[in-house]
Structures are given as structure tokens and as C-alpha cells.
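*Asks:* Here's a sequence, model it:
(2 chains)
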Amino acid sequence: DAGITQSPRHKVTETGTPVTLRCHQTENHRYMYWYRQDPGHGLRLIHYSYGVKDTDKGEVSDGYSVSRSKTEDFLLTLESATSSQTSVYFCAITGGGVNTGELFFGEGSRLTVL
Amino acid sequence: AQKITQTQPGMFVQEKEAVTLDCTYDTSDQSYGLFWYKQPSSGEMIFLIYQGSYDEQNATEGRYSLNFQKARKSANLVISASQLGDSAMYFCAMSPTYNFNKFYFGSGTKLNVKP
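*Replies:* Predicted coordinates:
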């Protein structure tokens, strides 16, 4: 158990509304990530963080913002949700040692934008 | 640019037989890591195995082994003695080892194990 929790686990919202997904870790890891998973695309990186208040964009960052005010929390915000943002969102942390760096994932948050 | 290709959207295997899931990658980095993850129908992502680009031996973890052919840029996952619980989506991923903040995933292979 990598000690990662995501909330909410399921959310249905309407186009144009703001949405915030929360990722909380108990491992004190420096790196945290937000991915989205869509059929036929695998997982694609939205944003990641390499420390408190240090974040950077991934390959599909348009329409998303993130914040990390504490080591343990990484928030993903959709300022104005669109139907194309209907997806399953995964938070991840790097868990292993220096030589492996494997990701450990949260349980996912399923977001439906109507 | 990094790219991971999994050309098998779906596969079937008979229980107790071995199966190979294909993964090819494209990178200009000299040092990188290759990973396989399993996603059962319940949705969680489970780390299976890791191979470093400079590792001379193929990685093994229980019934999982990674057939690493560097010159061909392939990192196939071999599951021996398939079990019904192996039915899941499998994702290949790659990350430069100097920059573990960039992980690139393939589109996945859905494996079905038949009794």
C-alpha cells in the first residue's frame, strides 16, 4: 500500500463548472503526478510536481491547473470542465529507490462531464 | 520524442500457458527505465517489473520476466503459467533515468486468460 488516496472517487458535473480533484500521500515523496486515462491512449501526463509550489506541465495540460501547498497534497483543477475532460484521473508518486523510480498510483477518480 | 507502442489491443491465452505481450519503444536517451503495469478490471494500477537500459540481465519477478532486446528497442513482458487472475490490461512504460518525472505509457494490451 503506497499510501495514496484520491478524492472524490467519482464525480458527475456539468460543462462549465469548476472541478477540483485531490491527491493525498502519506509517504513524504517529493514527486507527484496527475495522469488521465482514456481508451486507446493509455495514460497521459497532465501535470507533475517536484516539490512544494514546484510544478510543471505534462503532455496534455491544456484546461488544467495544479497546486501543491503541502508535500502531502497535490490538487488538480479544471477551471471550466468540458466534455472532453471526461476521463479517469490517476494520481501517482515515485516510490522506489534512486535506480528504479517506479510509479505508485492512487485508485483513480472517474469524472463525467455532461 | 519518446514513444511506446503496444501493437496487441487484445490477446487470449489458455490457463497455465505462457504468453508474451509486446512493447517497442523509441527514444534518443542513452539511459532509461522500462516498466510494466497491470490494471485489473477493478481499475487500480499495479507495478509489475522494471528493467534498466544498462542492465545486462533480463529482469524477473516471480512469473513475470521482461525480454529486453536493446538493439531492437523492445521490452516484451512474458507471463509464465498464466492464471485466471492475470486477466487484465497491461501497460508498458518508459522513463529517462535522469528524469523520472517523465513517464510515457503505451496504449495497453487487454489479456484474457481462458480456463
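
*Asks:* use CA for all of it now, contacts and neighbours both
*Replies:* Will do.

*Asks:* Please enumerate the helices of chain A.
*Replies:* Secondary structure of chain A (DSSP state H): no helices present.

*Asks:* The lowest-mean-pLDDT helix or strand in chain A pairs with which strands?
*Replies:* Least confident helix or strand of chain A, by mean pLDDT, DSSP states H and E, is strand A:103-105 with a mean of 89. Strand pairing for strand A:103-105, using DSSP bridges, gives strand A:87-94 (antiparallel).

*Asks:* list the contacts for the closest residue in space to A:Asp73 that isn't next to it in sequence?
*Replies:* Here the nearest residue to A:Asp73 in space, its sequence neighbours aside, is A:His24; by C-alpha to C-alpha, 6 or more residues apart in numbering or on different chains that works out to 4.7 Å. Taking C-alpha atoms under 8 Å, 6 or more residues apart in numbering or on different chains, we find A:His24 in contact with A:Ile4, A:Thr5, A:Gln6, A:Glu72, A:Asp73, A:Phe74.

*Asks:* Next, count neighbours for the third one.
*Replies:* Spelled out, it's A:Gln6. When neighbours are defined as other C-alpha atoms under 10 Å in any protein chain shown, A:Gln6 has 23 of them.

*Asks:* bridging residues for it?
*Replies:* Under DSSP bridges, the beta-bridge partners of A:Gln6 are A:Cys23.

*Asks:* same check, this time on the fifth one
*Replies:* Under DSSP bridges, the beta-bridge partners of A:Asp73 are A:His24, A:Lys70.

*Asks:* hang on, it packs against A:Gln25?
*Replies:* Yes: if you go by C-alpha atoms under 8 Å, A:Asp73 and A:Gln25 touch, sitting 6.6 Å apart.

*Asks:* and chain A, which of its residues are near chain B?
*Replies:* Counting by C-alpha under 8 Å from any C-alpha of the partner chain, chain A comes close to chain B at A:31, A:39-45, A:48, A:50, A:99-108.

*Asks:* residue in chain B nearest to chain A?
*Replies:* The nearest approach of chain B to chain A comes at B:Ser107, 3.9 Å away (C-alpha to the nearest C-alpha).

*Asks:* Check for me that that residue belongs to a helix.
*Replies:* No: secondary structure assignment (DSSP: H, G, I helix; E, B strand; the rest coil) places B:Ser107 in coil, not in a helix.

*Asks:* gap between it and B:Ala93?
*Replies:* Going from B:Ser107 to B:Ala93 by C-alpha to C-alpha, to the nearest Å gives 10 Å.

*Asks:* Please check the residues of chain A next to chain B and keep the buried ones.
*Replies:* Using 16 or more other C-alpha atoms under 10 Å in any protein chain shown as the burial test, these include A:31, A:42-45, A:48, A:50, A:100-108 as buried.

*Asks:* For A:Leu111, name its beta-bridge partners.
*Replies:* Under the criterion DSSP bridges, A:Leu111 forms beta bridges with A:Lys11, A:Ser87.

*Asks:* ok, it - contacts?
*Replies:* Counting by C-alpha under 8 Å, 6+ apart, A:Leu111 touches A:His10, A:Lys11, A:Val12, A:Thr13, A:Gln85, A:Thr86, A:Ser87, A:Val88, A:Tyr89.
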